[in-house]
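In: When you get a sec, could you give me coordinates for this:
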Amino acid sequence: MQITRRTTLSLGLAMGLTFGLFGIITPTPAVAKIATLEEATTELVFGKDDAPLEIIEYASLSCPACRHFHETVYPQLKTEYIDTGKVRFIFRDFPTNTPGLAAAMIARCAGPDRHAGMVDMFFDTQPQWGRAENPMQALGMIARMGGVGPTEVDECLKDTALMNAIQEKARNANENDGVNATPTVFVAGEKVEHALEWEKLKEVIDAALAKVQ
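Out: Coordinates of the predicted model:
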């Protein structure tokens, strides 16, 4: 059997493990206590702190183009630049609809150690919950597979402070950085056009690295 990203995720859920976007494997208990507001609003950052280049992605978990980025572009970005210490990558929520906001809240409520794995899981299952007749119910079922029970999901989705924090950061990104679509990628502070095309994104990254190395 060929092992793919989707296969490893399914196997991980079956074994009680969470496979994160960045290859992180962490134990998943049956039910996890939801994170504090401080924990839930912690930036999702990967790569070395002293990496010479910073890349920021604004994404919505309900966005098909964002799912495409994480399935086709991100793995190459990770292998060639993040894992080699050249890039520090920051994932930021920019919800484009109510289910996307709910998914972002649940992923953050899972806590810093689980956040990446929940993001990965929601992207992987996006076709199911995104097209569901009741997206919220579908999100709750998926969250349970990741160790966040229905009581915790309800508590999380009632957390207006977390909701406001996510929306405020998205509003600031829109007003101050011109983010108005997802995914939007910044390399060294410059917005990248055609970020969904790996070769074009790679050209931008290489040019930016040449200036700082």
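
In: Disregarding flanking residues, what is the spatial nearest neighbour of residue 82?
Out: residue 47 (4.5 Å; CB to CB, 6 or more residues apart in numbering). C-beta here means a position set from N, CA and C on the backbone, and glycine is covered the same way.

In: One more: residue 92?
Out: residue 58 (5.1 Å).

In: which residues sit in contact with residue 60?
Out: By CB atoms under 8 Å, 6 or more residues apart in numbering, residue 60 lies in contact with 66, 93-97, 100, 104, 182.

In: Now the phi/psi pair for it, please.
Out: When quoted as degrees, to the nearest 10, the phi and psi of residue 60 stand at phi -110, psi 130.

In: quick one, helices of this protein?
Out: 5-14, 37-40, 64-68, 74-77, 98-109, 112-124, 126-130, 135-145, 150-157, 160-177, 198-212 (DSSP state H).

In: Residue 187: which of the ones you listed is closest?
Out: Nearest to residue 187 among those is helix 198-212 (5.2 Å), distances taken as CB to CB.

In: quick one: average confidence on the closest one?
Out: Taken as a whole, helix 198-212 has an average pLDDT of 97.

In: Run through who's touching that helix.
Out: Under CB under 8 Å, 6+ apart, the answer for helix 198-212 is 52-53, 55, 72-73, 76-77, 80-81, 86-87, 185, 187-188, 190, 192-195.

In: circling back: need the helices of the chain in CSV (columns: mean neighbour count).
Out: Output for the helices of the chain, formatted as CSV (neighbours: other CB atoms under 10 Å):
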stretch, mean neighbour count
helix 5-14, 15
helix 37-40, 15
helix 64-68, 18
helix 74-77, 18
helix 98-109, 24
helix 112-124, 23
helix 126-130, 18
helix 135-145, 19
helix 150-157, 16
helix 160-177, 14
helix 198-212, 14
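
In: weakest of those by average pLDDT?
Out: Among the helices of the chain, helix 5-14 scores lowest, at a mean of 37.

In: and the gap between the nearest residue to residue 156 once chain neighbours are set aside and residue 79?
Out: Nearest non-adjacent residue to residue 156, counting by CB to CB, 6+ apart: residue 109, 3.7 Å away. Using CB to CB, to the nearest Å, we find residue 109 at a distance of 30 Å from residue 79.

In: on that earlier part again, from the contacts of helix 198-212, which would you call buried?
Out: Among the contacts of helix 198-212, those classed as buried by 16 or more other CB atoms under 10 Å are 53, 55, 73, 77, 81, 86-87, 185, 187-188, 192, 195.
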